[in-house]
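Colleague: Structure here, sequence nowhere to be found:
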């Protein structure tokens, strides 16, 4: 009987620490999953912000119209220098970098580049994540709701 008791006690001693290893592994896995969720969600938010900033910069630049031909009803065209400057000022105020392109005298395209700095993933060596966004504004002339 004494041999049976010591065998049971010996079996218990062998099991010690196995729960601790499991808890540590599970905790580490959960921390990585939470980090992925937080940082990937943050990157998506930063991507949406980059697109929104590009859209607003294109909109503000697209409002810079050559006044005389538009008022006279001849044609509608961007004041290229003013449109570019206004869009650049908007990007600077938003704290992002970007490029502005004017094509055909009536379309302004803004491409924005920004950086998302991960909170949790940086702990495992993931560096800054690049996000981009782009948008265009195009001037059109309409008469009675029909583009001309």
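Modeller: On my side now, so go ahead. Keep in mind it's a predicted model, so treat the numbers as computed, not measured.
Colleague: what residues are up against the residue most central in space within the chain?
Modeller: What sits nearest the mean C-alpha location of the chain, by Cα atoms, centre = their mean, is residue 47, with 1.5 Å. Counting by Cβ atoms under 8 Å, 6 or more residues apart in numbering, residue 47 touches 116, 131-133. Yep, even glycine has a C-beta here, placed from its N, CA and C like the rest.
Colleague: residues near residue 108, how many?
Modeller: 27 (other Cβ atoms under 10 Å).
Colleague: Could you list every helix and strand in contact with the helix or strand harbouring it?
Modeller: Assigned by DSSP states H and E, residue 108 belongs to strand 107-116. Packing contacts for strand 107-116, counted by 3 or more Cβ pairs under 8 Å, 6 or more residues apart in numbering; DSSP states H and E, involve helix 18-62, helix 80-94, strand 97-103, strand 129-138.
Colleague: Strand partners (parallel or antiparallel) of it?
Modeller: In the sheet, strand 107-116 lines up against strand 97-103 (antiparallel), strand 129-138 (antiparallel) (DSSP bridges).
Colleague: angle of that strand against helix 80-94?
Modeller: Using axes from the mean of the first three to the mean of the last three Cα atoms, to 10 degrees, the inter-axis angle of strand 107-116 relative to helix 80-94 is 20 degrees.
Colleague: Report the angle between strand 107-116 and helix 18-62.
Modeller: Using the same axes, to 10 degrees: strand 107-116 against helix 18-62 is 150 degrees.
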